[in-house]
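S.K.: got a predicted structure plus its sequence, pasted below:
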Amino acid sequence: MPDQIFHEMEAEQCPIELAHQMIYQAIEYAERFGFEPEKDFALTQHLLAPRGKLEEPYDLTFGLNGKPFFVAGPYDNAERIMRQLEKTAGPGNYDFLMPIGPMDLDDF
């Protein structure tokens, strides 16, 4: 799987505190707009230290230019996500990037 993700660049290591902070704060940010983690997170969350166990020293920001930014992927229900953003962020208060034409995993 890493070969598929990083076929044009090398994977870069990051401190474990950064990875944990990024995951937990991304979940909080998404919750502000009515999104919940995928159901698989219930299983994989046990790979993480509980929230508050590790320091969170990084100043992270999410979205783009202060607004949510949705990049559609091959397995996303883009219509549902766009409706949710329209409802929670409001018209014009989010940005998005959609592919033109059919998506293929080889494009990612």
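M.R.: Ah, there it is. Source: prediction; values computed, not measured. Residues are numbered from 1 along each chain as shown.
S.K.: element containing the residue positioned nearest the centre of the chain, please.
M.R.: The residue lying closest to the centre of the chain (Cα atoms, centre = their mean) is A26, at 6.4 Å. Using DSSP states H and E, A26 falls within helix 16-31.
S.K.: CA atoms of the helix or strand following that helix as PDB?
M.R.: Sequence-wise, the next helix or strand downstream of helix 16-31 (DSSP H and E) is helix 41-44. Provided in PDB are the C-alpha atoms of helix 41-44 (Å, rounded to 0.1, in the frame of the first residue of the first chain):
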ATOM      1  CA  PHE A  41     -11.800   4.300  13.500                       C
ATOM      2  CA  ALA A  42     -13.500   2.400  16.300                       C
ATOM      3  CA  LEU A  43     -11.000  -0.400  15.800                       C
ATOM      4  CA  THR A  44      -7.900   1.600  14.800                       C
END
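S.K.: helix 41-44: what's the following helix or strand?
M.R.: strand 69-71.
S.K.: tell me how this protein divides into domains.
M.R.: 1-61, 63-102 (automatic domain parsing).
S.K.: got the contact list for V71?
M.R.: Neighbour list for V71: 96-97 [criterion: Cβ atoms under 8 Å, 6 or more residues apart in numbering]. Every residue, glycine included, has its C-beta placed from N, CA and C.
S.K.: how near is it to Q21?
M.R.: When Cβ to Cβ, to the nearest Å is the yardstick, V71 and Q21 sit 21 Å from each other.
S.K.: from memory the residue nearest to the centre of the chain sits against F62, does it?
M.R.: Yes: if you go by Cβ atoms under 8 Å, A26 and F62 touch, sitting 6.3 Å apart.
S.K.: what about the protein, any weak spots by pLDDT?
M.R.: 1-6, 101-108 (pLDDT under 70).
S.K.: fine, thanks again, bye for now.
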